[in-house]
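Undergrad: how would this look folded up:
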Amino acid sequence: MSQPINLNKARKARDRAARRAQADENALRFGRSKAEKEAARKSAAQAKATLDAHKRET
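TA: Below is the predicted model of the structure:
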């Protein structure tokens, strides 16, 4: 005879695996590398500096 299984544990394990798969898919779709984040931060800082340099004193 085979061993009985706990259906609650099986359901939770299945749901956990589905959530993990969804998280991995989202990480690939929306995640950015450290280099990309750093480049975006530098670009924003440069744009802010350029804008501040063109402001007039009132």
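Undergrad: Show me where this protein has its helices.
TA: Counting by DSSP state H, the segments of the chain that form helices are 7-30, 34-53.
Undergrad: who touches the shortest one?
TA: Spelled out, that is helix 34-53. Where contact means C-beta atoms under 8 Å, 6 or more residues apart in numbering, the residues beyond helix 34-53 that reach it are Arg32. Where C-beta positions appear, they are placed from N, C-alpha and C, glycine not excepted.
Undergrad: Rebuild the helices of the chain as a markdown table, extending it with distance to Met1 and mean pLDDT.
TA: Listed next are the helices of the chain as a markdown table, based on distance: least, C-beta to C-beta, whole Å; pLDDT from 0 to 100:
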| stretch | distance to Met1 | mean pLDDT |
| --- | --- | --- |
| helix 7-30 | 17 | 95 |
| helix 34-53 | 53 | 94 |
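Undergrad: Mean neighbour count for those - can I get that in TSV?
TA: Compiled in TSV, the helices of the chain are given as follows (neighbours: other C-beta atoms under 10 Å):
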stretch	mean neighbour count
helix 7-30	10
helix 34-53	10
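Undergrad: Give me the number of neighbouring residues for Arg56.
TA: Counted with other C-beta atoms under 10 Å, the neighbours of Arg56 add up to 4.
Undergrad: Same question for Met1.
TA: In terms of burial, Met1 registers 3 neighbours under the definition other C-beta under 10 Å.
Undergrad: wait, what's in contact with it?
TA: With the criterion set at C-beta under 8 Å, 6+ apart, Met1 makes contact with nothing.
Undergrad: Tell me the confidence at the most centrally placed residue in the chain?
TA: Centroid check for the chain by C-alpha atoms, centre = their mean gives Gly31 as the closest residue, at 4.5 Å. As summarised for this prediction, Gly31 has a pLDDT of 90.
Undergrad: That one and Asp24, how far apart?
TA: Between Gly31 and Asp24 the computed distance is 10 Å (C-beta to C-beta, to the nearest Å).
Undergrad: Repeat that for Lys12.
TA: 19 Å.
Undergrad: Lys9 too?
TA: As for Lys9, its distance to Asp24 is 22 Å (criterion: C-beta to C-beta).
Undergrad: What of Ala40?
TA: In this view, Ala40 and Asp24 are 23 Å apart by C-beta to C-beta.
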